[in-house]
Each structure stands twice: as structure tokens, then as C-alpha cells.
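A.B. asks: no letters, just coordinates:
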């Protein structure tokens, strides 16, 4: 059902203008985090929709191809910002937003940060192993040993940082972050 049904054209225009401003703001905000403006607008539209929508409805409303909508929806699903839901009497996939912005933020950064941290930890581990191999092979070269020890300290500092960052990610994932910085409720 159209939530604007029964309103006057003036009321519809005013509500639409206010919503479009918020949708644009959502798009710009998500763009700061590396999500395209159009996917941000897609989430914003879905956020204001009064129920689940199909790709066809999204494509028509947004004026974008079904392929672009499918890509955008897949991105939002991967980021856990929308859910695929069941709809009685329809064979088409239906999608709805996860309206908890705190959780959306937590999920987004957890997914992105964890992937980056794990990749960086693997690289640091490889470098540390190579340094240790060189320390064994060239143990009699004091100048090289000094350089290797300094590099080992720097890599260990980096590993300690990434371990801390993993704890921060876990606090987002398990919700403990909100014990330190509570959500603002209306």
C-alpha cells in the first residue's frame, strides 16, 4: 500500500521533499564509507518504504535498470543492511531494510575492518617469519641483526595494534561497544 495515499498533492509534495533530503543525506553518508551514492539512495528509498519491495519496484521507482538494482541489493544484503523476506502470494524476491542504524554501522565496519585486519595480519606474520629466518641465517652480522631487530619491533607493534583492532571489531559484533557508548534512543 502506498503510504501517501489519501493525502493532498501539497502534503505529498512536502513529505516527498523532506524524504528526498534524508535519502540524499543517507546516500552522501554512505558514500563517505565507500558505498556508492546510488546504493545509499537505494537504502534510503527502501528505508522510507512502508514494506518489502521487489527488484522491479525498486527499478521503476529509482529509474535504474534491474541489473543495477540487483547489484545494489546484493551489496546491501552482503553488508547486512537489508534482508530478503518472504511474501505471501508472490514468487518474486522481496527486500526490506534493517532499520537499526547502529547495527548497520557496526556490521559494515566489522565486515570491512575484519577483512582488512586479517589480510594485514597475514602479511605481517609472513614478514616476521622472513625476518626470523634471516636472523638465523645471518646471526654473525651485527649490523644486519640490529636492523632486523628494529624491524621486528616495528612489526610486533603493528601486530599489537591489529590485535587491539580485532578487539574493537569484536565489541561492535557482540554489542559491547554500546556499554561504553550507549545508543541514543528516542
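C.D. replies: Structure's in. What do you need? Predicted model, so just to flag it, every value in this text is computed and none were measured.

A.B. asks: switch to C-alpha atoms for all contacts and neighbour counts from now on
C.D. replies: OK.

A.B. asks: which positions in the host helix or strand of residue 156 come out as buried?
C.D. replies: Taking DSSP states H and E as the definition, one finds residue 156 inside helix 142-174. Of all the residues in helix 142-174, those buried under the rule 16 or more other Cα atoms under 10 Å are 145, 148, 152, 155, 159, 162, 166, 169-173.

A.B. asks: now find how far off-centre that helix is within its chain.
C.D. replies: Once both centres are worked out by Cα atoms, centre = their mean, to the nearest Å, helix 142-174 turns out to sit 25 Å from its chain's centre.

A.B. asks: tell me the average confidence for the very next helix or strand once past it?
C.D. replies: Using DSSP H and E, the helix or strand that follows helix 142-174 towards the C-terminus is helix 177-180. Helix 177-180 carries an average pLDDT of 93.

A.B. asks: check the offset of helix 177-180 from the chain's centre.
C.D. replies: The chain centre lies 19 Å from the centre of helix 177-180; the measure is Cα atoms, centre = their mean.

A.B. asks: report the buried residues of that helix.
C.D. replies: By neighbour count, with 16+ other Cα under 10 Å as the criterion, the buried positions of helix 177-180 are residue 177.

A.B. asks: counting by contacts, list what that helix packs against.
C.D. replies: Where contact means 3 or more Cα pairs under 8 Å, 6 or more residues apart in numbering; DSSP states H and E, helix 177-180 is not packed against any helix or strand.

A.B. asks: ok, residues contacting the helix or strand of the chain with the lowest mean pLDDT?
C.D. replies: When the helices and strands of the chain are compared on mean pLDDT, DSSP states H and E, helix 55-62 comes out lowest with a mean of 89. In this structure, residues lying in contact with helix 55-62 by Cα atoms under 8 Å, 6 or more residues apart in numbering are 42, 65-66, 69-70, 93-94.

A.B. asks: one more pass at 6 Å, please.
C.D. replies: Under the contact criterion Cα atoms under 6 Å, 6 or more residues apart in numbering, helix 55-62 has outside partners 65-66.
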